[in-house]
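# quick one, what's the 3D model for this:
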Amino acid sequence: MINQDFNKIICQRILKLRKEHGLTLEQLAYQSGISKGGLSEIERNMKEPRAYTILRICNGLGISMKDFFNFDELEEFAGLL
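Residues are numbered from 1 along each chain as shown. Presented below is the predicted three-dimensional model:
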């Protein structure tokens, strides 16, 4: 259960950050070197991203892994952590 909840948080975080950066799915896929389909599956919590994939997404967003995992600012996930 904890792993599923954490994976859901990761997938929602990717989607939220992509939208905050004003990127389409296609743009982030291109910038991170991940297929559009793969990124879509991750955002919809159909595919669990590996650490290297998260790193590539962070690079595509222009943020650090530290910023990605800064859950202090994510009040909506407080009940899952």
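# how many neighbours does Gly60 have?
Using other Cβ atoms under 10 Å, Gly60 has 22 neighbouring residues. Heads up, the C-betas are built off the backbone N, CA and C, glycines and all.
# who's in contact with it?
Residues near Gly60 by Cβ atoms under 8 Å, 6 or more residues apart in numbering: 23, 28-34.
# pLDDT averaged over the strand or helix carrying Gln4, what's the number?
Gln4 belongs to helix 2-20 when elements are defined using DSSP states H and E. What helix 2-20 shows for mean pLDDT is 87.
# what's it packed up against?
Packing partners of helix 2-20 (3 or more Cβ pairs under 8 Å, 6 or more residues apart in numbering; DSSP states H and E): helix 36-43, helix 51-61.
# 10 Å - rerun?
helix 25-32, helix 36-43, helix 51-61, helix 65-68 (3 or more Cβ pairs under 10 Å, 6 or more residues apart in numbering; DSSP states H and E).
# quick one: it to helix 25-32, angle?
100 degrees (axes from the mean of the first three to the mean of the last three Cα atoms, to 10 degrees).
# change the start of the numbering to 476 and stick with it
Sure thing, new numbering starts at 476, so read that last one as helix 477-495.
# buried residues in helix 477-495?
484-490, 492-493 (16 or more other Cβ atoms under 10 Å).
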